[in-house]
Each structure stands twice: as C-alpha cells, then as structure tokens.
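>>> Below: sequence and its predicted model.
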Amino acid sequence: MVQKSALYYFSPTGGTRRVGSAFAAAAAQSVRELDLGARDQTPEAPACDLAVFALPVFGGRIPAPAAEKLRSLHGSGTKAVTLVVYGNRAYDDALLELNHTVAAAGFEILASGAFIARHSIVPQVAAGRPDDADLKEIRDFAEKVLKKIAGGDSSTPAVPGNDPYKPEMQVAAAPISLENCRHCGKCAAVSPTGAIRVSETEVITELSNCILCMACTSVCPEKARVLPEALQSGMNQKLMPLKEIRRENEIFI
C-alpha cells in the first residue's frame with residue numbers, strides 16, 4: 001500500500017463514491033475524501049502519494065461542474081488513477097475526457113477504470129451494483145496499480161473515447177416535487193449547481209442549472225422528488241432492455 005491517498009469524487013446518488021472509496025481503501029493506508037459535488041467549495045491540491053479521481057458518466061461525458069473544479073487543481077506530478085462509473089449503458093468519451101482533464105491539471109495518470117453502479121434514473125438497471133464481485137475486481141485492480149508503482153512504471157495507459165467529445169447531455173426536464181413534499185430544503189442543500197430553491201410554500205428548480213444528477217431525488221426523506229412522468233417513462237423505455245445485461249468492468253493499466 002501507499003501511505004496516503006486523496007479521493008476526489010462526484011457522487012450525487014452514492015454509487016461513484018462507493019467505487020472510489022473501495023479502490024482508495026485497497027490502495028492506501030489512509031484516505032482523505034474530497035467531495036467535488038460540495039457547492040461553493042474549491043478542492044485542495046493533493047498532499048498524498050496517490051490521487052484517485054472517481055466521476056459518474058452523464059450522457060457519455062463527465063459532469064461539467066466536477067470537471068471545472070478539477071481544472072483548479074495543481075497536481076505537480078502526483079501519481080493518479082482515474083475512474084468513471086456508469087449505469088450499464090456506455091461510458092462513451094467520459095474516461096478520455098477525465099484523463100485529459102486530470103493530465104492537464106498536472107497529474108501523472110498510472111491507470112484508469114470504468115466500473116458499473118446502479119443507474120441513477122432507472123434504478124432497476126444494474127441494481128445492486130457494485131456488488132461483491134465488482135468490489136473484488138476493484139481491490140484486484142488496486143493491487144495491480146500498486147505493483148506498477150513498486151516496479152517504477154510511470155506509463156500512462158490509452159483509454160477508449162473520441163476527441164472532440166460527444167455533445168453534453170441536454171436536460172429536457174428537471175425533477176419535480178410532489179404534494180407530499182414538506183419543504184425541508186434537503187434537496188436544495190445537496191444540489192451541486194444550486195438549481196433548487198425552497199420556500200415554505202414551493203420548490204423551484206431552475207432547468208438551466210439542473211444537470212439531472214438525481215441527488216435531490218436520492219436525499220428526499222419523503223420520496224417526493226421525482227422526474228416528470230413523461231421523462232421517466234421515456235428513460236424506462238430506453239434503458240429497461242439493459243436490465244438483464246451484466247456489463248463487465250474495464251481496467252487500463
């Protein structure tokens with residue numbers, strides 16, 4: 001194991017953090033976690049032996065707010081591992097975009113991976129993942145990275161993807177609040193872009209700021225935050241065929 005690791009993660013519904021935490025815990029004696037989704041907080045430059053970056057895939061890209069925060073870092077040659085996490089469809093250009101972003105910030109990328117977690121919009125897809133088999137693969141991947149470090153190999157692996165990247169996902173509609181909403185404000189607190197405002201009588205979501213991360217639906221204690229019926233139905237129709245497919249994790253080292 002290395003002594004210290006810094007885990008930079010963006011995980012609105014928890015799956016990406018679980019993957020990143022599993023890797024970092026297997027690779028380092030101590031792990032400091034830094035949440036790229038914490039609004040109005042600028043992440044600190046790493047003081048560690050290994051930086052781990054774990055981001056979800058949104059429409060084949062990495063989330064723009066997280067990418068913007070990564071650009072503010074100064075890696076100064078710190079060794080890094082990049083991870084993207086997706087809901088069983090495809091990761092398209094996300095891993096390549098993440099690697100370009102991390103490398104441009106001055107990190108030395110030793111390995112990369114694409115891992116599966118439950119889909120945030122259609123949770124029946126990849127339900128239960130990462131599961132025990134996935135977590136074992138993540139730990140095995142960490143062992144491979146440690147062996148690479150011990151061997152003095154600093155090569156950067158090639159990863160799939162296209163540059164120019166595919167266009168960013170266009171958000172057609174934002175989550176809404178149902179009548180059982182208690183206006184507690186938890187949805188507004190977790191929105192990484194500040195897209196939600198809550199008063200005593202209403203919840204307002206600015207579509208232009210919403211990135212469809214589903215953090216607000218995940219945190220709502222009353223299950224009162226949902227997608228509009230037409231959008232949820234369309235996503236179900238598009239993604240439900242993936243329910244019976246077990247997509248395999250991929251590593252690049």
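On my side now, so go ahead. Source: prediction; values computed, not measured.
>>> how near is Asp140 to Leu146?
Per CB to CB, to the nearest Å, Asp140 is found 11 Å from Leu146. The way it works is simple: take the backbone N, C-alpha and C, and place the C-beta from them, glycine included.
>>> sorry, that was for Leu110
Counting by CB to CB, the gap from Leu110 to Leu146 is 10 Å.
>>> out of these two, which sits in the busier spot?
Leu110 (21 against 17; other CB atoms under 10 Å).
>>> May I have the phi/psi pair for the more buried one?
Dihedral pair for Leu110: phi -100, psi -30, per degrees, to the nearest 10.
>>> isn't it right up against Thr82?
No - taking contacts as CB atoms under 8 Å, Leu110 lies outside contact range of Thr82: 9.3 Å.
>>> And stretch 141-158, how far out from the chain middle?
23 Å (CA atoms, centre = their mean, to the nearest Å).
>>> how about the helices in the stretch 151-253 of the chain?
Using DSSP state H, counting those that start in this stretch, the helices found in the stretch 151-253 of the chain span residues 186-190, 215-219, 229-239.
>>> Sorry, slip of the keys, the one I care about is the stretch 1-150 of the chain.
Under DSSP H, counting those that start in this stretch, the stretch 1-150 of the chain gives helices at 15-27, 64-70, 94-104, 132-150.
>>> Output those helices as a markdown table; include the columns mean pLDDT.
Formatted as a markdown table, those follow (pLDDT from 0 to 100):
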| stretch | mean pLDDT |
| --- | --- |
| helix 15-27 | 98 |
| helix 64-70 | 97 |
| helix 94-104 | 98 |
| helix 132-150 | 98 |
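>>> any idea which of those is most buried?
Each of these was scored by mean neighbour count; the highest is helix 15-27, a mean of 24, by mean count of other CB atoms under 10 Å.
>>> Mind giving me the packing neighbours of it?
strand 2-9, strand 28-35, strand 50-56, strand 79-86, helix 132-150 (3 or more CB pairs under 8 Å, 6 or more residues apart in numbering; DSSP states H and E).
>>> Identify the residues contacting Glu108.
Gly75, Gly77, Thr78, Lys79, Ala80, Ser154, Thr156 (CB atoms under 8 Å, 6 or more residues apart in numbering).
>>> let's see 7 Å
When contacts are counted by CB atoms under 7 Å, 6 or more residues apart in numbering, Glu108 touches Gly77, Thr78, Lys79, Ala80, Ser154.
>>> what's the answer for Ala105, then?
Counting by CB under 7 Å, 6+ apart, the residues that Ala105 touches are Leu70, Arg71, Leu73, His74, Gly75.
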